[in-house]
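Q: how does the following fold in three dimensions:
(one chain, ligands or ions: 2)
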Amino acid sequence: MTAMPAPWPSGARRTSTGAVAIAGVDLVELAATGTPVYVLDEHDMRGRARAYRDAFATASAEVGTEVDVYYAGKAFLSTAVARWMHAEGLRIDSATLGELTTALRAGVPAADIGLHGNNKSDEEIELALTSGVGRLVLDSLPEVARVADAAARLGVRAPVMVRVTTGVHAGGHEYISTAHEDQKFGLSMASPDGEDSPAVTAVLAVLERTELDLLGLHSHIGSQILDPAGFGVATRAVMGLRAEIARRTGVLVPELDLGGGFGVAYLPGEVPLDPERAAKEMVSALADVGRELGTPLPRLSIEPGRSVVAPAGITLYTVGTVKPVRTEDGTVRTYVAVDGGMSDNIRPALYGAAYHAEIVSRVSEAPGTRCRVVGKHCESGDIVVHDVELPADVAAGDLLAVAVTGAYGRSMASTYNLVPRPGVVAVADGVATPIVRRETVEDLLALDLG
Ligand SMILES: Cc1ncc(COP(=O)(O)O)c(C=O)c1O
Ligand SMILES: N[C@@H](CCCC[NH3+])C(=O)O
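A: Numbering: from 1, shown residues only. Ligands and ions are numbered 1, 2, ... in the order given. From the prediction side, this is the model:
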């Protein structure tokens, strides 16, 4: 048994047969139940959840405050995962009716769930209020009145945060950076004409509605962030806004949520953002500004998604057609087609995201050759791994695993070309447990009304 280094999950080992096992589950045996399949190393994911919880708890305690860690369910959520995260002391961040219902169905207490969304439906707001979620994160001015009116109608109070945009632009791709001004999320803190910023206007509107309890301010600056500096800048900005609100209204907002976005290593040799560094950057910015302004520190919360689940998951495919193709520069690239593709991982097509893959059913003595792993969809951009070296004898029937697909793989999967979505199998202590059933063509046809 040889441990496989990152970016493979911590439970991955090359066994004496040459096949790979994760958490003691042989991938060749697992594949016999069907591919493609997402495989999730439960202990790895739980360990990452604890690492965030502990790093932020320690850093917060050092400056005399406390932290709540919300697992961002958009990265990947099922009832089993919600239970694991809650058992590790995390709360759940949801962004839709589906995510909220899944967390509730898992038995997570509503008070430990947050609801986001830039365009919440009436149904989402009502479920959040009637179930008693711990927080609704307001994303626009009209939503202040919508949530307050719904709370009045239902005879409940609504604990709310106001999501603000600090102008800090961070993350791996423009589409996953969410705090620069020209995008749809949150309320801008900028007031170029000297008038109240949209963020201040929304906070004042919240304070006017007796049905709303203002819990705090929320800032999420983007995703796949590897340099922690942006978190510090955003923290300072939100602390400044908190002080401004206190000056103007006498209300010192009790909590700041600084969002998720902690980056992971997708490729061998890449260095992920260390939770302790991220915690230090955020918490010391919090403490510095608190000291400068002489204000007591707020409670802190964060919402990691990708950094908790991405490296714990892989996708297991079976190789089909292998085709050498002469490229424009005269060299040969081998196209290795697998039995899934952009429907189970849209990230390469959407963001140009890079991944690492290996054959996991055997070892090979053959020299490496330049390959592109592609899917089975009717789309030339249906690329799973743009560039990877695989043994030159790669052939139909080999099992190929793509690393670090635990986040935004299954959760962004589609049924393009009416390809059913793969299931998710959790592996731990030598046992494989399906936690999301594989979809079938019959499942798809069940929606077809003829
Ligand atoms: C509000 C909010 N919180 C948390 C997350 C989780 O981000 P990540 O998976 O990058 O940690 C996101 C997604 O970017 C988000 O929009
Ligand atoms: N889905 C994106 C990140 C966006 C996160 C949600 N705000 C990704 O795969 O990287």
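
Q: for the rest of this, base every contact and every neighbour count on C-alpha atoms.
A: Will do.

Q: restricting to C-alpha, output stretch 116-126 in PDB.
A: What follows is stretch 116-126, C-alpha atoms only, in PDB (Å, rounded to 0.1, in the frame of the first residue of the first chain):
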ATOM      1  CA  HIS A 116     -28.800  33.100   1.100                       C
ATOM      2  CA  GLY A 117     -30.000  34.000  -2.400                       C
ATOM      3  CA  ASN A 118     -30.000  37.100  -4.600                       C
ATOM      4  CA  ASN A 119     -33.500  36.300  -5.800                       C
ATOM      5  CA  LYS A 120     -35.300  34.500  -3.100                       C
ATOM      6  CA  SER A 121     -38.700  33.100  -3.900                       C
ATOM      7  CA  ASP A 122     -41.700  33.600  -1.700                       C
ATOM      8  CA  GLU A 123     -41.600  29.900  -0.900                       C
ATOM      9  CA  GLU A 124     -38.000  30.100   0.200                       C
ATOM     10  CA  ILE A 125     -38.600  33.100   2.400                       C
ATOM     11  CA  GLU A 126     -41.700  31.400   4.000                       C
END
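
Q: tell me the mean pLDDT over it?
A: Taken as a whole, stretch 116-126 has an average pLDDT of 98.

Q: return the distance of T33 relative to ligand 2.
A: Note on T33: its distance to ligand 2, by CA to the nearest ligand atom, to the nearest Å, is 27 Å.

Q: next: P192.
A: 27 Å.

Q: who are the neighbours in contact with that residue?
A: For P192, no contacting residues are found, by CA atoms under 8 Å, 6 or more residues apart in numbering.

Q: what kind of secondary structure is it in?
A: Under the three-state scheme (DSSP: H, G, I helix; E, B strand; the rest coil), P192 adopts coil.

Q: residues near the closest residue to A57 other than its chain neighbours, how many?
A: Of all residues not flanking A57 in the chain, V67 sits nearest, at 5.9 Å (CA to CA, 6 or more residues apart in numbering). V67 has 22 neighbours, counted by other CA atoms under 10 Å.

Q: now do the contacts for V67.
A: By CA under 8 Å, 6+ apart, V67 lies in contact with F56, A57, S60, R299, L300, S301, I302.

Q: out of those residues, which one sits closest to K74?
A: Among the contacts of V67, I302 lies closest to K74 (CA to CA), at 14.3 Å.

Q: for the closest one, name its beta-bridge partners.
A: Counting by DSSP bridges, I302 is bridged to V69.

Q: number of residues surrounding it?
A: Neighbour tally, I302, other CA under 10 Å: 25.

Q: I'd assumed V69 was in contact with it.
A: Yes - counting by CA atoms under 8 Å, I302 touches V69, with 5.1 Å between them.

Q: what's the closest of the contacts of V67 to ligand 1?
A: Nearest to ligand 1, judged by CA to the nearest ligand atom, of the contacts of V67 is I302 at 7.7 Å.

Q: would you mind listing what in the stretch 251-400 of the chain touches ligand 1?
A: Neighbours of ligand 1 within the stretch 251-400 of the chain, by CA under 6 Å from any ligand atom: G259, G260, G261, F262, E303, P304, G305, R306, S307.

Q: please repeat the previous calculation with a cut-off of 8 Å.
A: G259, G260, G261, F262, G263, I302, E303, P304, G305, R306, S307, V308 (CA under 8 Å from any ligand atom).

Q: filter those residues down to the buried ones.
A: Among these, those scoring as buried are G259, G260, G261, F262, G263, I302, E303, P304, G305, R306, S307, V308 (criterion: 16 or more other CA atoms under 10 Å).

Q: now, which of those lie close to ligand 2?
A: Restricting those to those near ligand 2 by CA under 8 Å from any ligand atom leaves G261, R306.

Q: redo the buried ones among the residues of the stretch 251-400 of the chain next to ligand 1 as JSON lines? Include secondary structure and pLDDT.
A: Formatted as JSON lines, those follow (DSSP: H, G, I helix; E, B strand; the rest coil; pLDDT from 0 to 100):
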{"residue": "G259", "secondary structure": "coil", "pLDDT": "97"}
{"residue": "G260", "secondary structure": "coil", "pLDDT": "97"}
{"residue": "G261", "secondary structure": "coil", "pLDDT": "97"}
{"residue": "F262", "secondary structure": "strand", "pLDDT": "98"}
{"residue": "G263", "secondary structure": "coil", "pLDDT": "98"}
{"residue": "I302", "secondary structure": "strand", "pLDDT": "98"}
{"residue": "E303", "secondary structure": "coil", "pLDDT": "98"}
{"residue": "P304", "secondary structure": "coil", "pLDDT": "98"}
{"residue": "G305", "secondary structure": "coil", "pLDDT": "98"}
{"residue": "R306", "secondary structure": "helix", "pLDDT": "98"}
{"residue": "S307", "secondary structure": "helix", "pLDDT": "98"}
{"residue": "V308", "secondary structure": "helix", "pLDDT": "98"}
